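[1] with the sequence up front, the predicted model follows.
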Amino acid sequence: MSCPSGSYSPSGEKPAAVYADWLEQNLIEPMAFEPVTQADLCLAHSTAYVEGVFSGKTSNGHGNKNLDVAESTRWTVGSLVAAAREAVRSRIACSPSSGFHHACYGAGGGFCTFNGLIVASRKLLAEGLVRRVGILDCDWHYGNGTDDIIRKLKLTNDIVHHTSGAQSLRDSDDYFRWLDSAMQQLREAKVDLILYQAGADAHINDPLGGLLTNEELSKRDSTVFEQCCKNDIPTAWNLAGGYQKEADGSIHKVIEIHRETMRQCNRVFGQGLKTGEH
Ligand SMILES: [Zn+2]
């Protein structure tokens, strides 16, 4: 999954860094998964775009034609598909992936090559594992690619999409009002699965973000996980954006945000499990 993207975004190399951190902190039970095929990617994109990226004729979402980046996307998308299936089976799973929501039907952009959110949704819908999927996109930026594909492929009945980046949120009160209303609408739409983008770029110090402090990001994550757990909605979450970088290139602040999301996930769903056992 990890591959230097050749762009400003450090997200291409984030899966390995975050995974290593979670293993070291003893926060996860790893599982194996398969990459998706080019045909799977055509569930969200035109064949011409998919074939163009894999043949090196069309630019990927990072603005280059690097075939290693193309190959890595089969694994990042495959990871989200696997997490979505596992969530339906066991209620909660995580894919340490990024780079999905700006990818439109016929083109990538904004560090996103293929839209794994749509591919995972459509795979599970086709497999009959879910009847309706909710995408809760808490990356700081507008999930324009997701909206574009939903519109072009007429998926509004199958996929309910909420993206904080489409709102004008001035402070954390605005933010949590939006989050509560999005969660309520997902419950009312009776989605069978939520794909939650836990973007670290909603942080107030993010160079491309954001307005939440570390404590508020933690509250965002615990709010989402508690609501999903309480309402028994299977949840697969991923990393999405995060651009805080030290002078030496270290992304430890982003890794700390993702670690806290995983801690909140374990706290909430670990508790649920214990309650179930007694
Ligand atoms: Zn973003």
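    Arrived safely.
[2] nearest to the ion: which residue in the stretch 101-250 of the chain?
    Gly241 (3.0 Å; Cβ to the ion). For every residue, glycine as well, the C-beta is placed using N, CA and C.
[3] okay but that residue is in contact with His203, surely?
    No. In this structure, Gly241 is not within contact of His203 by Cβ atoms under 8 Å, at 9.9 Å.
[4] which residues do those two both contact?
    Applying Cβ atoms under 8 Å, 6 or more residues apart in numbering, one finds that Gly241 and His203 are jointly contacted by Gly209.
[5] who has more neighbours, the two?
    Gly241 (30 against 25; other Cβ atoms under 10 Å).
[6] contacting residues for that one?
    For Gly241, the residues meeting the contact criterion (Cβ under 8 Å, 6+ apart) are 9, 11, 98, 111, 139-141, 199-201, 206, 208-209.
[7] most neighbours out of those residues, which is it?
    The member of the contacts of Gly241 that has the most neighbours, counting by other Cβ under 10 Å, is Ala200 with 32 neighbours.
[8] got the contact list for that one?
    Residues in contact with Ala200 (Cβ under 8 Å, 6+ apart) are Asp206, Leu217, Leu239, Ala240, Gly241, Gly242, Gln244, Val254, Ile257, His258.
[9] next: Asp68.
    Asp68 sits next to Cys3 when contact means Cβ under 8 Å, 6+ apart.
[10] part of a strand, is it?
    No. Secondary structure assignment places Asp68 outside any strand; it is helix (DSSP: H, G, I helix; E, B strand; the rest coil).
[11] quick thing: my sequence starts at 13, can you match it?
    In the new count, where the first residue is 13, that last one comes out as Asp80.
[12] just say helix, strand or coil for Phe45.
    Per three-state DSSP, the local secondary structure of Phe45 is coil.
[13] on that earlier part again, state the helix or strand in which the residue of the stretch 113-262 of the chain closest to the ion lies.
    Gly253 is part of no helix or strand when elements are defined by DSSP states H and E.
[14] and it, how far is that from Ile40?
    Gly253 sits 21 Å away from Ile40, going by Cβ to Cβ, to the nearest Å.
[15] cool, and Ile206?
    As it turns out, when the distance is counted by Cβ to Cβ, Ile206 lies 19 Å from Ile40.
[16] more neighbours: which of the two?
    Residue environment comparison for Ile206 versus Ile40 gives the larger neighbour count to Ile206, 25 against 16, counting by other Cβ under 10 Å.
[17] who's in contact with the more buried one?
    Counting by Cβ under 8 Å, 6+ apart, Ile206 touches Val145, Gly146, Ile147, Leu148, Leu198, Val236, Cys240, Ile245, Pro246, Thr247, Ala248.
[18] go ahead and confirm Ser133 touches Ile171.
    Yes. The pair Ser133 / Ile171 is scored as a contact, 5.2 Å apart, by Cβ under 8 Å.
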